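**Student:** coords below, sequence missing:
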């Protein structure tokens, strides 16, 4: 993560880089990413049932399977890293643990010990293969839709949206549950996860990066606590089992959805060296009703956000997360993603010249 210096030294240590997330590692995808001028790549696991439609790369090959009873070997991870490096890019990490790997731990179910063993094996394999980051979240799929009816953006582009009023009954128990779970239970189970996994991450030099729930702000949905819904909950997560190998997958869009000042959030965690990498996106509106936008529109000033990252000495990667669907886009939304990468590169280069 970033250097722990303070004051003006932060500026000299800053190195904000632009990357992408992709499930496909096909030669044509990697070539396109490099042509955009991105430098770093996070690979999405190949469990398409758990990801929004815009990440359902349907090449059918050249993917990395990660899930329950599907832990990539050191050799498979090294092959992925070498393939990415062969295209002139850096394999920064795995974008996120699939829910199939952490669900039993989150709910304290019988398979928790086996799941922890598989996750620690994955962390060890990442370290051995020279892949430095593992993103994760604590947010079950299927409680309520992550997004509801989409909206039309400029020029007829399509953006995802969320409106709590469109959810039939947010208090009804989620499918498969026979009772509500308490925050105390979830915090206890989460603490056990950190106690088991973080020592291994420290041993092998892998950083874990926690993502917010999406949409944030709501305390519970479907009888399931949504722990990481606020700035304060992230601070508690970082303090629960203190480690230099634990930080944030800082989703600016989630904090924007919450109505937080994203510049304050960046300063708050960046000055503590707790930002591992950044999801750079924005929305218009806040919970309980918002919609996602192009990166040059939305609640916060994108240029000022990059400037704040630079000010706190962030040495890491910003990546487009959700992007609109533009005319002629493929499932990965290559046109909108290309626009976003180009925009971010321009902003990053401009801010860099100011220091």
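**Tutor:** That came through fine. Nothing here was measured: the structure is a model prediction, and the numbers come from that model.
**Student:** drop to CA atoms for contacts and neighbour counts, all remaining ones
**Tutor:** OK.
**Student:** just list the residues touching residue 279, thanks.
**Tutor:** Going by C-alpha atoms under 8 Å, 6 or more residues apart in numbering, residue 279 touches 249, 250, 251, 252, 253, 318, 319, 320, 321.
**Student:** over to the spatially closest residue to the third one that is not a sequence neighbour. Which of the three states is it?
**Tutor:** Think residue 251. In space, residue 251 comes closest to residue 279 once its chain neighbours are excluded; the distance is 4.4 Å by C-alpha to C-alpha, 6 or more residues apart in numbering. Following DSSP: H, G, I helix; E, B strand; the rest coil, the label given to residue 279 is strand.
**Student:** for residue 317, same thing?
**Tutor:** Under three-state DSSP, the three-state class of residue 317 is strand.
**Student:** and the residue lying closest to it once chain neighbours are set aside, how many residues sit next to it?
**Tutor:** Nearest-residue entry for residue 317: residue 17, 4.7 Å, with adjacent residues in sequence omitted and distances by C-alpha to C-alpha, 6+ apart. Using other C-alpha atoms under 10 Å, residue 17 is surrounded by 19 other residues.
**Student:** ok, now which ones touch residue 17?
**Tutor:** Going by C-alpha under 8 Å, 6+ apart, residue 17 touches 38, 39, 40, 315, 316, 317, 318, 348.
**Student:** these: which two are farthest apart?
**Tutor:** Pairwise distances across the contacts of residue 17 peak at 15.2 Å for 38 and 315 (criterion: C-alpha to C-alpha).
**Student:** who has more neighbours out of those two?
**Tutor:** Neighbour count, other C-alpha under 10 Å: between residue 38 and residue 315, residue 38 has more, with 25 against 22.
**Student:** name all residues that make contact with that one.
**Tutor:** Contacts for residue 38 (C-alpha under 8 Å, 6+ apart) come out as 17, 18, 19, 20, 89, 341, 345.
**Student:** repeat the analysis, applying 6 Å as the threshold.
**Tutor:** Shown in contact with residue 38 (C-alpha atoms under 6 Å, 6 or more residues apart in numbering): 18, 19.
**Student:** ok, residue 327 - how many residues close by?
**Tutor:** If you count neighbours by other C-alpha under 10 Å, residue 327 ends up with 13.
**Student:** can we start the residue count at 32 from this point?
**Tutor:** Let's use 32 as the start, then, which means that last one is residue 358.
**Student:** what secondary structure does it sit in?
**Tutor:** From three-state DSSP, the assignment for residue 358 is coil.
**Student:** just the buried ones from the contacts of residue 48?
**Tutor:** The neighbour-count test (16 or more other C-alpha atoms under 10 Å) marks 69, 70, 71, 346, 347, 348, 349, 379 as buried among these.
**Student:** and of those, the nearest to residue 359?
**Tutor:** Among those, and counting by C-alpha to C-alpha, the member closest to residue 359 is residue 69, at 21.7 Å.
**Student:** returning to that earlier point: sort the contacts of residue 310 by pLDDT and name the bottom one.
**Tutor:** Within the set of those, pLDDT is lowest for residue 352 (93).
**Student:** quick check: closest non-adjacent residue to it.
**Tutor:** Excluding the flanking residues, the one nearest residue 352 by C-alpha to C-alpha, 6+ apart is residue 310, at 5.5 Å.
**Student:** the one you found pairs with what?
**Tutor:** Beta-bridge pairing of residue 310 under DSSP bridges involves residue 282, residue 350.
**Student:** ok, now how distant is it from residue 272?
**Tutor:** According to C-alpha to C-alpha, to the nearest Å, residue 310 stands 24 Å off from residue 272.
**Student:** show me where the chain has its helices.
**Tutor:** Residue ranges of the helices in the chain, as given by DSSP state H, are 40-44, 58-67, 105-117, 130-138, 143-160, 214-235, 262-271, 283-289, 293-301, 333-342, 365-384.
**Student:** any chance of JSON lines for those, columns distance to residue 247?
**Tutor:** Converted to JSON lines, the helices of the chain look like this (distance: least, C-alpha to C-alpha, whole Å):
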{"stretch": "helix 40-44", "distance to residue 247": "30"}
{"stretch": "helix 58-67", "distance to residue 247": "30"}
{"stretch": "helix 105-117", "distance to residue 247": "32"}
{"stretch": "helix 130-138", "distance to residue 247": "18"}
{"stretch": "helix 143-160", "distance to residue 247": "25"}
{"stretch": "helix 214-235", "distance to residue 247": "15"}
{"stretch": "helix 262-271", "distance to residue 247": "10"}
{"stretch": "helix 283-289", "distance to residue 247": "6"}
{"stretch": "helix 293-301", "distance to residue 247": "14"}
{"stretch": "helix 333-342", "distance to residue 247": "20"}
{"stretch": "helix 365-384", "distance to residue 247": "23"}
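**Student:** mind checking those helices for the one nearest to residue 358?
**Tutor:** helix 365-384 (8.2 Å).
**Student:** which residues sit against that closest one?
**Tutor:** For helix 365-384, the external contacting residues (C-alpha under 6 Å, 6+ apart) are 334, 338, 357, 360.
**Student:** ok, the second one - contacts?
**Tutor:** Taking C-alpha under 6 Å, 6+ apart as the definition of contact, the neighbours of residue 338 are residue 382.
**Student:** any regions of the protein where pLDDT drops low?
**Tutor:** In the predicted model of the chain, residues 32-43, 77-92, 173-175 satisfy pLDDT under 70.
**Student:** recalculate using a threshold of 80.
**Tutor:** Across the chain, the ranges flagged by pLDDT under 80 are 32-43, 77-92, 171-176.
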